[in-house]
Every structure is written in C-alpha cells, then in structure tokens.
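**Student:** Output the structure for:
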Amino acid sequence: MIGLVSYPHMFSHIYGMVLPPLFMVLRGEFDASFTQLGLLISVFGVASGVGQTPVGFLVDRWGARPVLVFGTIIESLSILGIGFSDAYWQLLVLYAIAGIFNSVYHPCDYAILAAQVAKKRLGRAIGIHSFVGNLGWAITPMFMAGVTSIWGWRAAFIAIGALGLVFVPVLFARWNLIANLADNVAREKKTAPDTSARAGVALLTSTPILMCFAFYVLQGMGFGGMRAFFVAATDAAHGTPFEVANTALSGMMLFASLGILAGGFLADLSGRTFPIAVASLSIAGAGVAVVGAFALPSYALIAILSLTGFTQGLFNPVRDLMVRSITPDGQMGKVMGFVSSGMNLSSGIVPLVYGWLMDHNEPRLVIYLSAAMVAVALFTFVGVKTQVVAPAVAAKQAREAAA
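**Tutor:** Predicted coordinates for the structure are as follows:
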C-alpha cells in the first residue's frame with residue numbers, strides 16, 4: 001500500500017520540477033524572460049495549492065482511490081502535451097492543468113497512510129513515502145538534461161509524461177490495497193469529530209494548524225526557490241557550468257531523499273523530534289547561504305548541496321508527524337491538504353520574485369532569500385512546538401493530580 005501511493009507521489013515531485021532544469025533551453029526556444037518562466041512555476045504551484053484543501057474535504061468524505069488515479073492520469077497527459085507545444089501560452093495552459101491535478105497527492109496519500117499505518121510506525125511510513133517523492137526531484141534534472149542532450153527537449157517532456165501513465169494500470173490492478181476512506185469514515189462516525197464543513201473550517205483556522213500552514217509557506221519559499229532557480233542563479237552569479245549545477249541540484253535532491261528516509265526511522269526510534277528539527281534546519285539554511293556567497297569548486301558545490309539536502313530531508317518526517325499529532329482522526333485529508341497548500345502556493349508565487357531578481361541581474365539575492373526563508377521557518381516551527389506541547393503537558397499534569 002505504501003508503495004502504491006508513493007509512486008504517484010514521486011511523479012507529483014517530478015512534474016513540479018520538469019521546467020527548471022531546461023530554463024535556459026526554453027528561454028531561447030520561446031523567447032521568454034526569466035519572469036515569464038517563473039510565471040509557469042507560479043501558475044503550477046498556485047493551481048496545486050488552491051486545489052488541495054477542497055480535495056482534502058472530498059477525500060475525507062468520499063475516499064481517496066478514484067481521486068488519486070484520476071489526478072495521476074490527467075497530470076501525466078498534461079506534461080506529455082508540453083512536448084508538442086510551439087507557443088508560450090500553450091506551456092502556460094498545460095502546466096496550469098498539471099498544477100490543478102497535482103493537488104490530489106498530499107490529501108490522498110496522507111489520508112491513506114494515517115488510516116492504515118499504526119502510529120508507532122507512521123514516521124517510517126511517512127519517511128518512505130517522502131523519500132520516494134524526493135527521488136522524483138533528484139532524478140528529474142539529470143533525466144531532463146540527459147534526454148534533451150540526446151533527443152531534444154520535446155522528447156524529454158513526452159518521455160516523462162508517458163512514464164507517469166505506466167503505473168496507472170498497476171493502481172487499477174491492486175485497487176483493493178489502497179484504503180477506501182469512505183468506508184473508514186462510515187465506521188468511525190460514532191467516535192470521529194464533526195466532519196461538517198463548518199467544523200472543518202474551524203479546525204483549519206485554529207492556531208496550531210495556521211502556524212503549521214505558515215511554516216509550510218516559508219519552507220516552500222526557501223527550498224522551492226532553490227529548486228526553481230538554482231541552476232540559472234549559479235550560472236549568472238558564479239559562471240557555474242550547466243552540467244555541474246544540475247548535478248549539484250540532483251545531489252541535493254537525492255541526499256534529501258536519503259535524509260527523509262533516515263529521519264523517518266530516527267523519529268520513530270528516538271521519539272525526540274524537536275532537536276532533530278532545529279539542528280537539521282539550521283545546517284540546511286547555512287548551506288544554502290554558503291553556495292550563494294562563494295564561487296565554489298565543482299566538488300565543493302556538489303558536496304555542500306548534498307549535505308544541505310540531507311539535513312533538510314531529516315526534518316521532513318518530523319514536520320509531518322507534528323501535523324499528524326495535532327490532527328483529529330478522520331480529518332488528515334483536509335488538514336494535510338490545507339497546510340501543504342501553503343508550500344505549493346509559496347513555491348508558486350516566489351518564482352515571480354526570483355525571476356524578477358534574475359532579470360535585474362541579482363542572482364545572489366535569489367539564493368540569499370532562500371536561506372533567509374529557511375531561517376524564519378525555523379522560528380515558526382518553534383512556535384508550533386509550543387502550541388502542541390503545552391496542551392500535552394497540561395493534560396499530563398491533570399492526570400497526575402487526579403491520581
């Protein structure tokens with residue numbers, strides 16, 4: 001079951017990453033500015049972010065299976081269609097459609113995991129799920145650049161879109177392994193919290209959930225900006241070769257995947273998530289700042305970004321476990337859809353800012369701004385920790401007093 005939901009999650013990450021490695025190619029092909037290229041990422045991110053909360057409500061009420069399969073099919077076809085585009089507006093329309101249907105993955109996947117995986121193993125399950133997703137980010141720059149160098153950019157989009165469709169028959173064949181959340185909701189009606197729209201809105205506007213949303217926004221601005229403009233920014237700032245920059249970016253994404261996998265096991269085994277979060281985010285933010293400040297040798301650039309990716313990855317399961325810890329049973333779809341929409345919205349909006357900075361010859365500011373957002377995100381996480389821990393401590397003290 002974890003494998004079945006993880007594969008579409010990987011392509012969710014892949015399809016959000018297919019354009020940045022080819023920005024320089026597409027800029028010449030469509031005579032587009034960096035701001036216009038950033039707009040493509042923004043449209044994808046905003047469309048995905050806006051759709052996630054409504055999808056979350058739908059998943060909690062009716063189930064995740066058909067939503068997940070349908071979204072996978074339409075998004076894959078949209079990416080495949082980019083390979084046949086001959087005008088900028090076609091890129092914009094197709095990537096917007098892809099973004100709309102990209103909204104299904106987080107609400108569907110996390111609702112399935114929360115419904116089917118025991119809490120004592122949930123960190124590992126989330127780690128594996130996120131690991132496979134981040135593999136998509138890791139392999140995409142090398143895949144897109146490699147296929148483009150041999151057969152051209154059109155072949156790269158057609159191939160990556162077709163690969164997303166390959167697994168759809170497997171999803172149908174193993175349909176029963178994916179949780180039917182409508183059945184789960186029906187079984188839990190007597191004990192589950194109120195699932196009405198009013199109760200759902202009240203939950204999503206509570207202080208801990210809003211702070212989680214803010215954290216996802218800041219994390220999306222930081223690392224989303226790196227993914228979108230790192231190759232172009234290091235080329236403009238330091239003259240880093242195209243191949244080296246893409247290899248470093250892939251190294252960052254690959255080691256982020258390994259960090260996520262390790263972080264899931266570490267969170268389950270140690271139970272001490274807060275120190276992991278503080279240490280990992282601090283190192284990741286520092287690593288981003290260093291690659292912006294200095295023209296590093298190729299090996300140093302790749303090594304530092306790989307370390308940055310690994311430490312960022314360590315944090316991700318902690319982040320998702322934190323969200324699960326403050327979410328009532330049966331409502332993970334809407335909560336995860338809402339908070340993760342913050343990441344999509346911010347990583348969708350910030351490319352416009354970064355594209356403007358690139359067009360005004362400020363490539364270093366792109367990387368510095370990314371590092372600053374990671375640093376601010378750390379303080380938001382501390383605030384969420386306070387909101388989550390304080391009620392738990394009060395409850396424990398009440399139990400001890402009663403005893």
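**Student:** going forward, measure contacts between C-alpha atoms and count neighbours the same way
**Tutor:** OK.
**Student:** so L345 is in which element?
**Tutor:** With secondary structure defined by DSSP states H and E, L345 is part of helix 332-359.
**Student:** who does that helix touch, helix- and strand-wise?
**Tutor:** The contact analysis (3 or more Cα pairs under 8 Å, 6 or more residues apart in numbering; DSSP states H and E) places helix 332-359 against helix 34-62, helix 105-116, helix 197-204, helix 207-238, helix 298-325, helix 363-402.
**Student:** Of all those helices, which one is nearest M10?
**Tutor:** For M10, the closest of the helices and strands packed on helix 332-359 is helix 105-116, at 9.7 Å, according to Cα to Cα.
**Student:** circling back: mean pLDDT lowest where, among the helices and strands packed on helix 332-359?
**Tutor:** Of all the helices and strands packed on helix 332-359, mean pLDDT reaches its minimum on helix 363-402 (a mean of 64).
**Student:** what is the rounded mean pLDDT of the helix or strand hosting M252?
**Tutor:** Secondary structure from DSSP H and E places M252 in helix 242-270. In this model, helix 242-270 has a mean pLDDT of 81.
**Student:** export the helix or strand just after it as PDB, just CAs?
**Tutor:** Next along the chain after helix 242-270, taking DSSP H and E as the criterion, comes helix 273-293. Provided in PDB are the C-alpha atoms of helix 273-293 (Å, rounded to 0.1, in the frame of the first residue of the first chain):
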ATOM      1  CA  THR A 273      11.700  15.200  17.100                       C
ATOM      2  CA  PHE A 274      12.400  18.700  18.200                       C
ATOM      3  CA  PRO A 275      16.200  18.600  18.400                       C
ATOM      4  CA  ILE A 276      16.300  16.900  15.000                       C
ATOM      5  CA  ALA A 277      14.300  19.700  13.500                       C
ATOM      6  CA  VAL A 278      16.400  22.600  15.000                       C
ATOM      7  CA  ALA A 279      19.700  21.000  14.000                       C
ATOM      8  CA  SER A 280      18.700  20.000  10.500                       C
ATOM      9  CA  LEU A 281      17.100  23.300   9.500                       C
ATOM     10  CA  SER A 282      20.000  25.300  10.900                       C
ATOM     11  CA  ILE A 283      22.500  23.400   8.900                       C
ATOM     12  CA  ALA A 284      20.400  23.400   5.700                       C
ATOM     13  CA  GLY A 285      19.900  27.200   5.900                       C
ATOM     14  CA  ALA A 286      23.700  27.800   6.400                       C
ATOM     15  CA  GLY A 287      24.500  25.500   3.400                       C
ATOM     16  CA  VAL A 288      22.200  27.500   1.100                       C
ATOM     17  CA  ALA A 289      23.800  30.800   2.200                       C
ATOM     18  CA  VAL A 290      27.300  29.400   1.500                       C
ATOM     19  CA  VAL A 291      26.700  28.400  -2.100                       C
ATOM     20  CA  GLY A 292      25.300  31.900  -2.800                       C
ATOM     21  CA  ALA A 293      28.200  33.700  -1.200                       C
END
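**Student:** how much distance is there from helix 273-293 to the middle of the chain?
**Tutor:** Chain-centre distance of helix 273-293: 18 Å, with Cα atoms, centre = their mean, to the nearest Å.
**Student:** Residues contacting that helix, please?
**Tutor:** Helix 273-293 is contacted by residues 234, 267, 301, 304-305, 307-309, 311-312, 314-315, 318-319, 364-365, 367-368, 370-372, 374-375, 378, 385 when judged by Cα atoms under 8 Å, 6 or more residues apart in numbering.
**Student:** 6 Å instead, please
**Tutor:** For helix 273-293, contacts defined as Cα atoms under 6 Å, 6 or more residues apart in numbering pick out A267, T308, T311, Q312, F315, V318, R364, I367, Y368, A371, V374.
**Student:** Specify the local secondary structure of F84.
**Tutor:** Assigned with DSSP: H, G, I helix; E, B strand; the rest coil, F84 falls in the coil class.
**Student:** nearest residue to it other than its sequence neighbours?
**Tutor:** Of all residues not flanking F84 in the chain, R154 sits nearest, at 6.7 Å (Cα to Cα, 6 or more residues apart in numbering).
**Student:** hmm, back to that, tell me the angle of the helix holding M252 relative to helix 207-238?
**Tutor:** Comparing the axes of helix 242-270 and helix 207-238 via axes from the mean of the first three to the mean of the last three Cα atoms, to 10 degrees yields an angle of 150 degrees.
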